[in-house]
Structures are given as C-alpha cells and as structure tokens.
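Peer 1: Quick one, what's the 3D model for this:
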Amino acid sequence: MPQSAEKILDHAPLFREPEYRKMLAEKKLNFECPHPDEIVSDQRDFTQTWEYREKNLARKALVVNPAKACQPLGAVFAAAGFERTMSFVHGSQGCVAYYRSHLSRHFKEPAAAVSSSMTEDAAVFGGLKNMVDGLANTYQLYDPKMIAVSTTCMAEVIGDDLHSFIQNAKDEDSVPRDFDVPFAHTPAFVGSHVDGYDNMVKGILEHFWKGQERTQIEGTINIIPGFDGFCVGNNRELKRLLDVMGVSYTLIQDASDQFDTPSDGEYRMYDGGTKINEVKKALNAEATLSLQHHNARK
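Peer 2: Numbers count the residues shown, from 1 in each chain. As a prediction, the model looks like this:
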C-alpha cells in the first residue's frame, strides 16, 4: 500500500502512486463513459492548428457556459417527468435545497423534492434510519404515486445500499410493500447532471421492466427526451408533431407540464408526467429513440 505509518504522503504525491492511478483510470473507464483516447488526442492536436486559430479569431462574440452540475440534479429532474412522483434524495438537506433552487430559478416554477436529512451521525453509522423515517414521512405527507430515490456524495462515500435500505423500510411499514420505490445510485463526484438523468431513467425502467416478459407491439415507439432545459416547449411541440403524423408513442420522462403549471392561484405539487401504466407498457414498444445521446447511454 502507498500509505502506512512509516510512509505518510500528502494527497498530491499519494494520488500519483500506482494503486491510485489504476483506481482512477478504472473509475474513468467504468463510470464516466469517456470518449476514446484517440478522439481526445485528435481534438487536442486540432486546437494547436492554424485552422483552429483562424476559427477563434473569426468570432465576433463568445459566451462560455459549461452548465455542468452534479448527478443528483439530473436525477431530480428525471423524476419530475413521471406521474405523481416525488424525488427522494438520500443525503443532506443542503444538497437537495440546491437542486430545488436550481430548477425553480430556471423554470420559474416550484420544484418539489425531499431528502433523508443525513447529518454527522448518519455519515458515521449509515443512513438506514433516515431512509426508514424519510420514506414514511414522504408517503404520508405528500401522497405520491411513486417515490424515486437517488443519492448524494455523503451516502455514496459511506456506501449506503439503496436496494437493501428500501427493502428494510418496507419491512418496517414505511411504505406498502407493493408501492413503487425505484432508485438510482448517483454519486455527485462522478460524471454530471446528464449521468444522473441517465441513471434515474434507467432505474425507473428497470424497476418496472425487470423480470417482465416482452411482447413486441409493432408500430409503437418510446422517446427519451433527455435533460432538456426547454422541455416545456420542446416536448409539447414534439408531441404535437407525433400526433399529426399519427405515431403511436410513449414519451418517457415528460416534465413539460410539471414545470409549467397554470397561473390560476392553485398550487400543484404534481402535474402531468408520463403515466405509470404507460411506463410499464413501454417495454413492448418496437423501438426506443433517445434525443440526446449522452443522456441515455445506459
């Protein structure tokens, strides 16, 4: 091991040790879905060419906004696109406040999400009790049809197992045994919001499809719109075009109504979203189309 009582290294030289180089390389390969090294190398070489220089000098204006956030934000957005679904983030309250604030400020609409309120004791002993109490409170207070669970850095660092935690919570009657609680592990220190979206949609589909027999229905298609900040207009126009063409489709994860509720003085915690029954039947579609490649790699 690179670290021992006789050999204490600072973080910079420590991470250059062979064991850490191997660990970081495997993390990048297995979890970050990177481009091949050849493509990265070619792009790096291109930035040093005269052609690239001329393209840069030809610009009249430039706005740089990488818009890269963490995985749980994508998971919260994904969950908002399903019928009466409450997003439950297993982590601290401060993290969830950020996701809600980010979505609320962008869409100018309330963004509902709850947390398991993990604090220092949960970071040491694990967040099972927080999960048991949190799911019970969410089910009783907010009357959801589904609770979609994701994670933050804290829960991932200590290794909380969502599958077993949710089963234990059901054993303690936090929610009924047949209540839908799909989940996705969304470590915020790996990838970005598009990976979180990808993981959450995959987790929801696996929850309903795993173990089910597929009977293909010809002429039907699933469409995954992706993490789209303009979903309110884009999804509605997409559905209009598909209806005009007479296409039989299921829009998996449709947040257009959730983030554009009527201004009639009535607060709607849930509005629109892909119906749970439609998600179940989508297993039998003839094809599935993803509109954003990096949002649906899994």
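Peer 1: Which segments of this structure make up each domain?
Peer 2: Using automatic domain parsing, the domain parsing of the chain gives 11-57, 71-209, 217-295.
Peer 1: Kindly compare burial across the ones you listed and name the winner.
Peer 2: Most buried of the domains of the chain, by mean neighbour count (mean count of other Cβ atoms under 10 Å): domain 71-209, with a mean of 20. From N, CA and C alone the C-beta is placed, and that goes for glycine too.
Peer 1: Quick one: mean pLDDT for that one?
Peer 2: Mean pLDDT, computed over domain 71-209, is 94.
Peer 1: and A5, which of the domains of the chain is closest to it?
Peer 2: Nearest of the domains of the chain to A5, taken as Cβ to Cβ: domain 11-57 at 14.5 Å.
Peer 1: what is the mean pLDDT for the closest one?
Peer 2: In this model, domain 11-57 carries a mean pLDDT of 88.
Peer 1: Using PDB, list the CA coordinates for the longest helix seen in the chain.
Peer 2: As assigned by DSSP state H, the longest helix anywhere in the chain is helix 193-209. Only the C-alpha atoms of helix 193-209 are listed here, as PDB (Å, rounded to 0.1, in the frame of the first residue of the first chain):
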ATOM      1  CA  HIS A 193     -26.200  16.000 -14.400                       C
ATOM      2  CA  VAL A 194     -26.700  14.100 -17.600                       C
ATOM      3  CA  ASP A 195     -25.300  10.900 -16.000                       C
ATOM      4  CA  GLY A 196     -27.700  11.400 -13.100                       C
ATOM      5  CA  TYR A 197     -30.600  11.700 -15.600                       C
ATOM      6  CA  ASP A 198     -29.400   8.600 -17.300                       C
ATOM      7  CA  ASN A 199     -29.100   6.600 -14.100                       C
ATOM      8  CA  MET A 200     -32.500   7.700 -12.800                       C
ATOM      9  CA  VAL A 201     -34.400   6.900 -16.000                       C
ATOM     10  CA  LYS A 202     -32.700   3.500 -16.200                       C
ATOM     11  CA  GLY A 203     -33.500   2.800 -12.600                       C
ATOM     12  CA  ILE A 204     -37.200   3.600 -13.100                       C
ATOM     13  CA  LEU A 205     -37.400   1.500 -16.300                       C
ATOM     14  CA  GLU A 206     -35.600  -1.400 -14.600                       C
ATOM     15  CA  HIS A 207     -38.000  -1.200 -11.600                       C
ATOM     16  CA  PHE A 208     -41.000  -1.800 -13.900                       C
ATOM     17  CA  TRP A 209     -39.400  -4.000 -16.600                       C
END
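Peer 1: my guess is V114 contacts Y139, does it?
Peer 2: No. Using Cβ atoms under 8 Å, V114 is not in contact with Y139, being 10.5 Å away.
Peer 1: hang on, the earlier thing: mind putting the domains of the chain in a markdown table, distance to Q3 included?
Peer 2: What follows is the domains of the chain, written out as a markdown table (distance: least, Cβ to Cβ, whole Å):
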| stretch | distance to Q3 |
| --- | --- |
| domain 11-57 | 6 |
| domain 71-209 | 18 |
| domain 217-295 | 36 |
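Peer 1: between the ones you listed, which one is nearest to S4?
Peer 2: S4 lies closest to domain 11-57 among the domains of the chain, at 11.5 Å (Cβ to Cβ).
Peer 1: First-to-last residue distance for the closest one?
Peer 2: Length of domain 11-57, first residue to last, Cα to Cα, to the nearest Å: 40 Å.
Peer 1: what's the offset of that domain from the middle of its chain?
Peer 2: From the chain centre to the centre of domain 11-57 is a distance of 24 Å (Cα atoms, centre = their mean, to the nearest Å).
Peer 1: And the strands in the stretch 51-200 of the chain?
Peer 2: Applying DSSP state E, counting those that start in this stretch to the stretch 51-200 of the chain gives strands spanning 85-90, 114-115, 146-151.
Peer 1: and of those strands, who's closest to L14?
Peer 2: For these, the distance to L14 is smallest for strand 146-151, at 26.0 Å, taking Cβ to Cβ.
Peer 1: helices or strands up against the closest one?
Peer 2: Judged by 3 or more Cβ pairs under 8 Å, 6 or more residues apart in numbering; DSSP states H and E, the packing partners of strand 146-151 are helix 71-79, strand 85-90, helix 128-142, helix 162-171, helix 193-209.
Peer 1: For the first one, which helices and strands make contact with it?
Peer 2: Using 3+ Cβ pairs under 8 Å, 6+ apart as the contact criterion, the secondary-structure elements in contact with helix 71-79 are strand 85-90, helix 93-107, strand 146-151, helix 193-209.
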